[in-house]
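In: just the structure for this:
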Amino acid sequence: MTVQTVRIGICGLGTVASGVINIFNRSQSLLNDRSAALLEICHIGARRDNTDCDTSTFKVSRDIFAVARDPDVDILVELIGGTTVAKELVETAIANGKHVVTANKALLAEHGNELIALAEQAGVALRFEAAVAGGIPIIKTLRESLAGNVIDSVAGIINGTGNFILTEMASADRTFEDVLAQAQALGYAEADPTFDVDGTDAAHKLVILAAIAFGMPLDIKGPFTEGIDCVAPDDLRFAAELGYRIKHLGIARRVGDSVDLRVHPTLIPSNKQIANVDGVLNSVMVSGDAIGELVLIGPGAGSLPTASAVWGDLVDLGRELGRGQSCPIPALGVPQEALKDPQRVSKGEVESAWYLRFFAQDKPGVMAEITRLLGSQGISIESLIQRPPKAGADRVHVVIITDRVAGKCIESALNAIEALETVGEHVVALRVENFEES
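Out: Down below sits the predicted model:
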């Protein structure tokens, strides 16, 4: 049998691209054996070189669009990031008959529906295993390995920076600001860490997971997001005392005929596997009608883990192209025409248990009034911690875990509680997920 050559063009030469090239340089023979094709990097487009990888044997252009138009390129790997030039680059590659592999979650979340439509019309593949959870093969798992399941929910720690910050805060009793500075010094967080800590990065990834899990279009406006800067060391301590750990989760869940999409700090029972995934690791928990509960854990970022996911896509495409096939697997598991667009559950309608923390005056009747205000919204108390006041203080620390209730009910109750003169300051409110129904 004749072995076909499959030629790869890479655009971008940053952290992930250097990993892709280093894996190729040391494992080309293995990659060829696994793809049953001759994989060849034939063209690299980058504005500057990267000393972390050897590109001396490859054609290098400073114009990335030269790669997209190169007739010798079969697969274009987009690793430049961003959503403007990257979108134009992918569109150009597709128009020139190239298959595309990308690690760009923001591009997919914001423009994926349009790009997938273009790829389907052109008969080329758009693959993106590296866009979510780094080296964890969650895209292939949802799209292919779990194809026989009705997926009920997907929940994940899908931002390593946020997980590192919460882990360090919990283990060393440090403030958010202190650990964030360390994360930046270690290179885990960007100079502008906004997307990592406010939930935007995780929301981009959740949009992709939900689209595949539920056969729905990509919807960047679907999730509501909350960041981790509202979590204090006190919250981590009280959560542990109550048998929970706090993680920043992306959650996508079926609720009847609707879909619930959200990203926020979450209390999880400490006996759940996902609650014990620490540091910069990622984890995704999937619940399906046939598989039950499946948990994947691994490195969520970094040069080689993410490059590993890129090569997973490239070897798959190499197998198909090497046999003369047309890469038929749809990007989201089903063709766009088969996608369904369910209603989204609004933030106020999402039900969960809640963790509440506040200071209240230490005098008779205060807790009775707070309990009455919660009860007026149909909110029952599951657990309560009340610390004695410190010497000379007249306020006590109060922590409450409620039963399940809609977000709008908690919001109404908290507005009333915060208006009390006996409380008089912000109440920390975090959702609690036991995943008993997942």
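In: low-confidence ranges in this protein?
Out: Within the chain, the stretches with pLDDT under 70 are 1, 327, 392, 424, 437-438.
In: buried residues, the helix or strand containing Ser287. List them.
Out: Ser287 belongs to strand 281-288 when assigned by DSSP states H and E. Applying a neighbour-count criterion of 16 or more other CB atoms under 10 Å, one finds 281-288 buried in strand 281-288. Just so you know, the C-beta spots here come from the backbone N, C-alpha and C atoms, and that holds for glycine as well.
In: please apply the same query to stretch 208-228.
Out: By 16+ other CB under 10 Å, the buried positions in stretch 208-228 come out as 208-220, 222-228.
In: how about residues contacting stretch 250-257?
Out: Stretch 250-257 is contacted from outside by 151-156, 158, 202-203, 205-206, 209-210, 213-214, 223, 259-263, 266, 342-343, 345, 433, 438, using CB atoms under 8 Å, 6 or more residues apart in numbering.
In: still on that earlier bit, which strands and helices sit next to the strand holding Ser287?
Out: strand 151-157, helix 160-172, strand 292-299 (3 or more CB pairs under 8 Å, 6 or more residues apart in numbering; DSSP states H and E).
In: list the neighbouring strands of the first one plus their orientation.
Out: Strand partners for strand 151-157, identified by DSSP bridges, are recorded as strand 244-255 (antiparallel), strand 281-288 (antiparallel).
In: now do the helices in this protein.
Out: 15-35, 64-69, 85-95, 105-122, 138-140, 160-172, 176-186, 194-197, 200-214, 233-241, 303-322, 366-376, 407-418 (DSSP state H).
In: residues near Leu186, how many?
Out: Other residues near Leu186 number 11, with proximity taken as other CB atoms under 10 Å.
In: scratch that, Val295
Out: Val295 has 14 nearby residues by other CB under 10 Å.
In: how about it, what does it touch?
Out: 273-274, 283-286.
In: between those residues, which is nearest Ala68?
Out: Distances from Ala68 to these, taken as CB to CB, are shortest for Val284 (31.7 Å).
In: that closest one against Gly134, yeah?
Out: No: counting by CB atoms under 8 Å, Val284 sits too far from Gly134 to count as a contact (11.0 Å).
In: how much space separates the nearest residue to Gln4 once chain neighbours are set aside from Ala17?
Out: Spatially, and ignoring its direct neighbours in sequence, Gln4 is nearest to Gly322 (4.3 Å; CB to CB, 6 or more residues apart in numbering). Distance of Gly322 to Ala17, computed by CB to CB, to the nearest Å: 23 Å.
In: ok, now Thr175?
Out: Relative to Ala17, and taking CB to CB, Thr175 is found at 36 Å.
In: who's more crowded, those two?
Out: Neighbour count, other CB under 10 Å: between Thr175 and Ala17, Ala17 has more, with 28 against 11.
In: run a quick neighbour tally on the nearest residue in space to Glu382 that is not next to it in sequence.
Out: With sequence-adjacent residues excluded and distances taken as CB to CB, 6+ apart, Glu382 is closest to Ile401, at 4.6 Å. Residues lying near Ile401 (other CB under 10 Å) number 20.
In: related to what we said a few turns ago, just the helices and strands packed on strand 281-288: most buried one?
Out: Mean neighbour count (mean count of other CB atoms under 10 Å) peaks for strand 151-157 among those, with a mean of 25.
In: contacting residues for Gly162?
Out: 196-197, 202, 228, 248.
In: Serialize the residues you listed to TSV and add fields for distance to Ile165.
Out: Output for the contacts of Gly162, formatted as TSV (distance: CB to CB, whole Å):
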residue	distance to Ile165
Asp196	9
Val197	7
Ala202	13
Ile228	6
His248	9
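In: who wins for most neighbours among the residues you listed?
Out: Across the contacts of Gly162, the neighbour count under other CB under 10 Å reaches its highest value at Ala202, namely 30 neighbours.
In: how far away is that one from Ile268?
Out: For Ala202, the distance to Ile268 (CB to CB) stands at 15 Å.
In: same question, Gly156
Out: 12 Å.
In: identify, from the contacts of Gly162, the entry nearest to Ile329.
Out: The nearest one, if we look at these relative to Ile329 and count by CB to CB, is Ala202, at 25.8 Å.
In: contact partners for that closest one?
Out: 158-159, 162, 225, 248, 250, 263.
In: ok, Glu226 next?
Out: 199, 263-265.
In: how about the helices of the chain in JSON lines, adding distance to Glu293?
Out: Putting the helices of the chain into JSON lines (distance: least, CB to CB, whole Å) gives the following:
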{"stretch": "helix 15-35", "distance to Glu293": "30"}
{"stretch": "helix 64-69", "distance to Glu293": "42"}
{"stretch": "helix 85-95", "distance to Glu293": "35"}
{"stretch": "helix 105-122", "distance to Glu293": "25"}
{"stretch": "helix 138-140", "distance to Glu293": "14"}
{"stretch": "helix 160-172", "distance to Glu293": "20"}
{"stretch": "helix 176-186", "distance to Glu293": "30"}
{"stretch": "helix 194-197", "distance to Glu293": "27"}
{"stretch": "helix 200-214", "distance to Glu293": "14"}
{"stretch": "helix 233-241", "distance to Glu293": "22"}
{"stretch": "helix 303-322", "distance to Glu293": "23"}
{"stretch": "helix 366-376", "distance to Glu293": "32"}
{"stretch": "helix 407-418", "distance to Glu293": "25"}
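In: would you format the contacts of Glu226 as a markdown table with neighbour count included?
Out: As requested, the contacts of Glu226 are exported to a markdown table (neighbours: other CB atoms under 10 Å):
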| residue | neighbour count |
| --- | --- |
| Gly199 | 26 |
| Val263 | 29 |
| His264 | 23 |
| Pro265 | 23 |
